[in-house]
Each structure stands twice: as structure tokens, then as C-alpha cells.
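Enquirer: Mind folding the following:
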Amino acid sequence: PFGVPGWQNNARPFAHNFWLDFAKIAGWIPALFLIFLSLLNMKDVLIIYKNKYISSYVKLLVVSMLSAFMLAYSVEPIFEGTKNGLYCYFFFCGIVSAMAQIKHPLNLS
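Expert: Modelled structure (predicted):
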């Protein structure tokens, strides 16, 4: 689970798990904060899923995106796109956090 000899640098093995790779490169304290952020994001997705004021299509999109991020980060490292993938994940977490604050129907007109 902790990887095979590295992709570019044979001295550092990479795991097939984004969080473990992140911990090896950035350190364990930032990795724990990333895991904490991911758990908070899952909580916000659950709040969105239970919110009756949000469209079922939006709920499906949010749950699908969370599933895609979690599966991608749990299965295979993203070597060239790691920074961009993490930026997209943080952007997604921000959107989900804002959507979890919706307490009344939105008037979009």
C-alpha cells in the first residue's frame, strides 16, 4: 500500500493513494488537515443531500463529483496534474461549503 519505486525519482516510492503521497511530500500535519477538510466536505455533501430547497439534479451532481474525487484520490496518484487536481478539489469544497448554507428557496429571477 505504500507504493513501488518512484515515477521520476527511484529513491521515493509513490503509493496508489493520493493522501499517502501528499503526506510523503508535504508532511503529515498538512496531510491530516487535508483529511480533516475531506471529512468536513463529506459532511457538507450530506447536508446538501438532505436539503429540500436544492434541486435533485444539483444533489446528483454534487454527490457524483464527491464520488469521483474520492475514488480518484483513493485509487491512483495523479503525477502531472496533482496541483491542478488539488486546486479543483479545493474549489469544489468551497462551492459545497457555500451550498450547505442554503436555508431557503433561491429566487433566481
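Enquirer: Show me what the biggest helix by length in the chain packs onto, helices and strands only.
Expert: Longest among the helix segments of the chain by residue count, using DSSP state H, is helix 28-50. On a contact count with 3 or more Cβ pairs under 8 Å, 6 or more residues apart in numbering; DSSP states H and E, helix 28-50 meets helix 18-26, helix 56-75, helix 82-99. Heads up, the C-betas are built off the backbone N, CA and C, glycines and all.
Enquirer: most neighbours per residue, which of these?
Expert: helix 18-26 (a mean of 17; mean count of other Cβ atoms under 10 Å).
Enquirer: Kindly format the C-alpha coordinates of that helix as CSV.
Expert: Taking Å, rounded to 0.1, in the frame of the first residue of the first chain, the C-alpha atoms of helix 18-26 are listed here in CSV:
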residue,chain,number,x,y,z
PHE,A,18,-3.3,10.5,-3.1
TRP,A,19,-3.4,11.1,0.7
LEU,A,20,-0.4,9.0,1.4
ASP,A,21,1.6,10.6,-1.5
PHE,A,22,0.6,14.0,-0.2
ALA,A,23,1.8,13.1,3.3
LYS,A,24,5.1,11.9,1.9
ILE,A,25,5.7,15.1,0.0
ALA,A,26,4.1,17.8,2.1
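Enquirer: Next one, pLDDT for the closest residue to Met70 other than its chain neighbours please.
Expert: Among residues not flanking Met70 along the chain, Ser38 sits closest, at 7.7 Å (Cβ to Cβ, 6 or more residues apart in numbering). Ser38 carries a pLDDT value of 92.
Enquirer: now the longest helix of the chain and helix 82-99, what's the angle there?
Expert: Helix 28-50 runs at 40 degrees relative to helix 82-99, counting by axes from the mean of the first three to the mean of the last three Cα atoms, to 10 degrees.
Enquirer: Quick check: buried residues in helix 28-50?
Expert: Using 16 or more other Cβ atoms under 10 Å as the test for burial, helix 28-50 gives Ala31, Leu34, Ser38, Asn41, Asp44, Val45, Ile47, Ile48.
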